[in-house]
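In: model the structure of this input:
(2 chains)
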Amino acid sequence: MKKQIKAIYKKEFYSYFGNLSAYFIISLYIALSLSCALIFGNFFSIDNRNMVSFFRYQPDILAALIPGITMHLWTDEYRSGTIEFLLTQPLEYKDIIIGKYLASVSFSLIMLSTLIPQMFLIKIYGNINWLTVLSGYLCCALITIAFCAVGGLISACSKKPALAYLGSLLVIWSITVITPDKISQAVSLADLGFQENYQNLINGKVSLSSILYYISMALISLWGTIAVINNRQKI
Amino acid sequence: MISVEKISKSFGNLIALHDISFRIERGEIVALLGPNGAGKTTLIRLMTGLLSPTEGRIVYQDKDIAKERVSVLHQIGYIPENAPLYNDMTVFEFLNFTAEIWDIKEQILEERLKHLVNKLELKTVLNRPIGELSKGYRHRVAIAGALIHGPKILIMDEPSEGLDPNQKYGLRSFIREFASQGAVLLSTHIMEDVEAIANRIILLNEGKMVTDTTPMRLKYQMPERDLSSAFRRITEKQNQEGIRA
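Out: Numbering: from 1, shown residues only, chains lettered A, B, ... in the order given. Next comes the predicted model:
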């Protein structure tokens, strides 16, 4: 990794732990994951070898929490004026964007890792289908990677964290809920649906097209962020 | 050192700067003057690569900033208005972060840090969060950050805004010393600063360059023999002509 990207990454990553909001988000994630699985996911009444109870609500939980992680990425720089400092350093804009993005992904993956002990909770109650569960974790990680990029893009478009949060929430939620399944089926592009790719992965059907679906969502959003920052520079 | 060549900048229909040209040589302290909205900050943002010109170019020792931004930035130390800094970092963390971005070798960094910390009297606040510092200290931290890579050109936007007389005095001494080995461009509307340190004035009004002269000449152009009156007369005259036109 380039030294400059590393410097930006370190600054951003440590800034998450500089206040209580990071711990609040992680605690909220654990609470939501557990309560959704136990209360709404019929944890005790269905076969949970694939951790279905846990994975079923992850897109909604991540859609609500990841905007809280990404909302400050750019809005704080705009509000405090440090964007001028940052953009007059010898950095390519893409380096700044990658550094910030990787920091938000790392933090989100740490948050996601709190789901691992829940695997052992299932083990207490019965068998576990390790490969399918691993595929589910991979799916959550891919969603995180994609949502962080979308959240970063929306944050780059706004000067207010609250607006960035609401904007990201709206866009991410739209991606998860308004799936273009019917349209895509009509034009034989079924792979474009979020839910379809998600269901495939949590059921252990790992396919390159599903992985590429989330990675391309992240890459398109990162490219969009570069365009936004470049455009702000040119005004 | 710096050559600003026929620079124009428009934001939609608004012409913020029109056909600005000048050069800045080593040893010069150039004050960029003008009323609010004259285009000072836009010009500074163009000179630091934050904005791209609509027309013209800005060249630093044969390098066009629009084409070789990263390479040109190595020659510039820039302190924006109000010295924006990361409030949650300590002074040491901030300087270290800046040094990491500039990829400064450890030995050189150690020497430079020692020099800047002594020169700008930052030793007592090194481990304090920037958010807790006074305006004067924040300015000094911003200067240290801007000089950590050893630039030859210092660009400052309203550097003495909000500083007390002692802090202003310290800042002026520092600028004079820096200019002995490089060049300084400072945007200000504080005439006291201009008289005390600048050896050249570029006056902007409504996006146009009105004059490029020395403080002494500008002063003696007017019957009052004072820079503030000269500034007022020139900009008011221009504005009235603009209204008539």
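In: any idea how many residues pack against the closest residue to A:Ser210 other than its chain neighbours?
Out: With CB to CB, 6 or more residues apart in numbering or on different chains as the criterion, A:Ser210 has its nearest non-adjacent residue at 4.3 Å, and that residue is A:Asn197. Where C-beta positions appear, they are placed from N, C-alpha and C, glycine not excepted. When counting by other CB atoms under 10 Å in any protein chain shown, one arrives at 25 neighbours for A:Asn197.
In: does A:Asn197 belong to a helix or a strand, and which?
Out: helix A:194-202 (DSSP states H and E).
In: put the alpha carbons of that helix into CSV.
Out: Backbone C-alpha positions of helix A:194-202 (Å, rounded to 0.1, in the frame of the first residue of the first chain) are rendered in CSV as follows:
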residue,chain,number,x,y,z
PHE,A,194,-29.7,-7.6,-4.9
GLN,A,195,-32.0,-10.1,-3.2
GLU,A,196,-31.3,-12.8,-5.7
ASN,A,197,-27.5,-12.5,-5.3
TYR,A,198,-27.9,-12.3,-1.5
GLN,A,199,-30.1,-15.4,-1.3
ASN,A,200,-27.6,-17.3,-3.5
LEU,A,201,-24.7,-16.5,-1.2
ILE,A,202,-26.4,-17.1,2.1
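In: just how off-centre is whichever helix or strand comes after that helix within its chain?
Out: Downstream of helix A:194-202, the first helix or strand assigned by DSSP H and E is helix A:208-234. Chain-centre distance of helix A:208-234: 13 Å, with CA atoms, centre = their mean, to the nearest Å.
In: helix A:208-234: which residues count as buried?
Out: Residues of helix A:208-234 classed as buried by neighbour count (16 or more other CB atoms under 10 Å in any protein chain shown): A:210, A:213-214, A:217-218, A:221-222, A:224-226, A:228-229, A:232-233.
In: from the residues you listed, pick the one nearest chain B.
Out: A:Gln233 (6.2 Å; CB to the nearest CB).
In: now the chain, which segments are flagged as low pLDDT?
Out: Assuming you mean chain A. Across chain A, the ranges flagged by pLDDT under 70 are A:1, A:48, A:178-192, A:204, A:233-235.
In: that answer is for a different chain, and I need it for chain B
Out: B:237-245.
In: quick one, strands of chain B?
Out: B:2-11, B:14-24, B:29-33, B:55-60, B:63-64, B:76-79, B:153-157, B:183-187, B:200-205, B:208-213 (DSSP state E).
In: which parts of chain A sit against chain B?
Out: A:3-4, A:6-8, A:10-11, A:15, A:18-19, A:80-82, A:84-85, A:87-92, A:233-235 (CB under 8 Å from any CB of the partner chain).
In: list buried members of those residues by neighbour count.
Out: Among the residues of chain A next to chain B, the ones that count as buried by 16+ other CB under 10 Å are A:4, A:7-8, A:10-11, A:15, A:82, A:84-85, A:87-91, A:233.
In: and B:Arg138, how far is that from chain A?
Out: 12 Å (CB to the nearest CB, to the nearest Å).
In: and the residue of chain A closest to chain B?
Out: Chain A approaches chain B most closely through A:Gly81 (3.3 Å), counting by CB to the nearest CB.
In: mind listing what that residue touches?
Out: For A:Gly81, the contact set (CB atoms under 8 Å, 6 or more residues apart in numbering or on different chains) comprises B:80-82, B:84.
In: the closest residue to A:Tyr23 other than its chain neighbours: neighbour count?
Out: Leaving aside its chain neighbours, A:Tyr23 sits nearest to A:Phe17 (8.0 Å; criterion: CB to CB, 6+ apart). The local packing of A:Phe17 (other CB under 10 Å) involves 12 other residues.
In: thinking again about what came up before, got TSV for the strands of chain B, with mean neighbour count too?
Out: TSV is the format used below for these (neighbours: other CB atoms under 10 Å in any protein chain shown):
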stretch	mean neighbour count
strand B:2-11	18
strand B:14-24	17
strand B:29-33	25
strand B:55-60	18
strand B:63-64	15
strand B:76-79	24
strand B:153-157	24
strand B:183-187	24
strand B:200-205	23
strand B:208-213	17
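In: for those strands, which one sits closest to chain A?
Out: Across these (criterion: CB to the nearest CB), the nearest stretch is strand B:76-79, sitting at 4.8 Å.
In: what's the helix holding A:Asn197 in contact with?
Out: For helix A:194-202, using CB under 8 Å, 6+ apart, the contacting residues are A:50, A:52, A:55-56, A:59, A:132, A:135-136, A:138-139, A:142-143, A:175-176, A:179, A:181, A:190-191, A:206-207, A:209-210, A:213-214.
In: rerun that using 6 Å as the cut-off
Out: A:55, A:135-136, A:139, A:175-176, A:179, A:210, A:213 (CB atoms under 6 Å, 6 or more residues apart in numbering or on different chains).
In: likewise for stretch B:29-43?
Out: Contacts for stretch B:29-43 (CB under 6 Å, 6+ apart): B:9, B:16-17, B:24, B:179, B:184-188, B:194, B:197-205, B:207, B:235.
In: how far does it stretch from start to finish?
Out: 16 Å (CA to CA, to the nearest Å).
In: chain neighbours aside, what residue packs nearest to A:Gly41?
Out: Per CB to CB, 6+ apart, closest to A:Gly41 is A:Ser53, 3.2 Å.
In: the one you found and A:Ile122, how far apart?
Out: 8 Å (CB to CB, to the nearest Å).
In: and these two? which has more neighbours close in?
Out: A:Ser53 (23 against 20).
In: does that one really touch A:Phe43, like I thought?
Out: Yes - between A:Ser53 and A:Phe43 there is a contact under CB atoms under 6 Å: 4.4 Å.
In: chain A: strands as residue ranges?
Out: Using DSSP E, strands in chain A do not occur.
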